[in-house]
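Trainee: here is the input, now give the coordinates:
(one chain, ligands or ions: 3)
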Amino acid sequence: MEDPGQYLATMRKTAPLVHNITNYVAMNVMANVLLASGASPAMVHAREEAAEFAGLAQALSINIGTVSPPWAEAMEAAATVARARDIPWVLDPVAVGATDYRRALGARLVELRPTVIRGNASEILALAGEAAAGKGADSTESVETAEDAARALARHSGAVVAVTGAVDFVTDGTQAARVANGHAMMPRVTALGCSLTGVVAAFLADQPQFEAVIAALAYFGLAGERAGASAQGPGSFQVAFLDALHAIDAEALTAGARIEPA
Ligand SMILES: Nc1ncnc2c1ncn2[C@@H]1O[C@H](COP(=O)(O)OP(=O)(O)O)[C@@H](O)[C@H]1O
Ligand SMILES: Cc1ncsc1CCOP(=O)(O)O
Ligand SMILES: [Mg+2]
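Mentor: Residues are numbered from 1 along each chain as shown. Ligands and ions are numbered 1, 2, ... in the order given. Have a look, this model is predicted:
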């Protein structure tokens, strides 16, 4: 991938309105991450307006972390509008393997054809039909063990599938890449995966999907590396991470991205 920085520059020029139907844990973190990155977040989930609002956005993210039936109704309505209007939408299947309720909802949302599915290894394995419960919102599997499942899920759903972890894996079912950017402190701060899903959505606005996902993962991981270099622990990491997202420019991303074809 020649110039991942150009995807960051384009995203910042667009400054997309990203509609997020997300969980209670992630709302504040995700909104601040999107603002620091240069996008414009809106956290809107009421079933009375979610579909209408999705039609106003340049991208939509749907996260099932703290879902309940009214929220699920809003998610399905918003995803239906996004798909109908060719607005990119990203599914974050938090803990989808943990309960029957989540597995059933995850399957319904996949049938609404997300542009991208972003999850950890346990979540992607479960969404692909494997017996992978994970540990709540955390993964108990390695990215490597989920690569074949990611390829199969991409072919089945038509989505670009991103499995994140120590080294991220991205595939559209045919081509694939790995992104080695990141820091071990990142899983110690809640809602960074959720926030990454929002950043992926922001990069997708008016950009080629497979490459935009890869650039978003590299950007997010590079910010993690910079934060990790100065942080004293998870608390200072979160603050340093927002500053790093804001500070990284297109040139720094192209220089710092660690992307390899898979
Ligand atoms: N062990 C690790 N080393 C480096 N980066 C990591 C590690 N684990 C996760 N990340 C990064 O943290 C971010 C969140 O991914 P992840 O923790 O997989 O999502 P989730 O929080 O949904 O489980 C991604 O950018 C990923 O690359
Ligand atoms: C802890 C928790 N519980 C329900 S959603 C959530 C946040 C999960 O965030 P992430 O998937 O980014 O770790
Ligand atoms: Mg997650």
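
Trainee: tally up the residues packed near the residue of the stretch 151-262 of the chain found nearest ligand 2, please.
Mentor: Across the stretch 151-262 of the chain, no residue is closer to ligand 2 than G193, which sits at 3.0 Å (CB to the nearest ligand atom). Glycine gets a C-beta too; all of them are placed from N, C-alpha and C. Using other CB atoms under 10 Å, the number of residues around G193 comes to 25.

Trainee: what do you get for the one 5 residues further on?
Mentor: By the other CB under 10 Å criterion, the neighbourhood of G198 contains 32 residues.

Trainee: again with the one 10 residues further on
Mentor: The local packing count at P208 equals 10, with neighbours defined by other CB under 10 Å.

Trainee: can you tell me the closest non-neighbouring residue to L125?
Mentor: A132 (3.6 Å; CB to CB, 6 or more residues apart in numbering).

Trainee: part of a helix, is the one you found?
Mentor: No: counting by DSSP: H, G, I helix; E, B strand; the rest coil, A132 falls outside a helix, being coil.

Trainee: quick one: it from ligand 3, how far?
Mentor: As for A132, its distance to ligand 3 is 14 Å (criterion: CB to the ion, to the nearest Å).

Trainee: for A104, same thing?
Mentor: From A104 over to ligand 3 (counting by CB to the ion), the distance is 19 Å.

Trainee: okay, and that residue sits in which element?
Mentor: Assigning secondary structure by DSSP states H and E places A104 in helix 100-111.

Trainee: run the chain-centre distance for that helix.
Mentor: Averaging C-alpha positions (CA atoms, centre = their mean, to the nearest Å) puts helix 100-111 17 Å from its chain's average.

Trainee: up against ligand 2, what does the stretch 51-200 of the chain have?
Mentor: Taking CB under 6 Å from any ligand atom, the part of the stretch 51-200 of the chain that reaches ligand 2 is made up of 65-66, 94, 137, 190-194.

Trainee: neighbour-wise, which one of the residues you listed leads?
Mentor: V94 leads these on contacts (other CB under 10 Å) with 27 neighbours.

Trainee: spatially nearest residue to it (excluding sequence neighbours)?
Mentor: Nearest to V94 is G65, by CB to CB, 6+ apart, at 3.9 Å.

Trainee: also L91?
Mentor: Nearest residue to L91, sequence neighbours excluded (CB to CB, 6+ apart): P114, at 4.1 Å.

Trainee: isn't that neighbour up against D92?
Mentor: No: using CB atoms under 8 Å, P114 is not in contact with D92, being 9.5 Å away.

Trainee: what touches both of the two?
Mentor: In terms of CB atoms under 8 Å, 6 or more residues apart in numbering, P114 and D92 are both contacted by the residues I62.

Trainee: that older thread, and the gap between the residue nearest to V94 and A191?
Mentor: 8 Å (CB to CB, to the nearest Å).

Trainee: shared neighbours, the two?
Mentor: Jointly contacting G65 and A191 under the rule CB under 8 Å, 6+ apart are 23, 25-26.

Trainee: with just CA atoms, put stretch 250-259 into PDB.
Mentor: What follows is stretch 250-259, C-alpha atoms only, in PDB (Å, rounded to 0.1, in the frame of the first residue of the first chain):
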ATOM      1  CA  ALA A 250      -0.600  12.200   6.500                       C
ATOM      2  CA  GLU A 251       3.300  12.300   6.200                       C
ATOM      3  CA  ALA A 252       3.700  10.700   9.600                       C
ATOM      4  CA  LEU A 253       1.200   8.000   8.900                       C
ATOM      5  CA  THR A 254       2.800   7.000   5.600                       C
ATOM      6  CA  ALA A 255       6.200   6.900   7.300                       C
ATOM      7  CA  GLY A 256       5.100   5.000  10.400                       C
ATOM      8  CA  ALA A 257       2.600   2.500   8.900                       C
ATOM      9  CA  ARG A 258       3.600  -1.100   9.100                       C
ATOM     10  CA  ILE A 259       1.500  -2.800   6.500                       C
END
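
Trainee: got a list of what M185 touches?
Mentor: 224, 227-228, 231, 233-234, 237.

Trainee: thanks a lot, catch you later.
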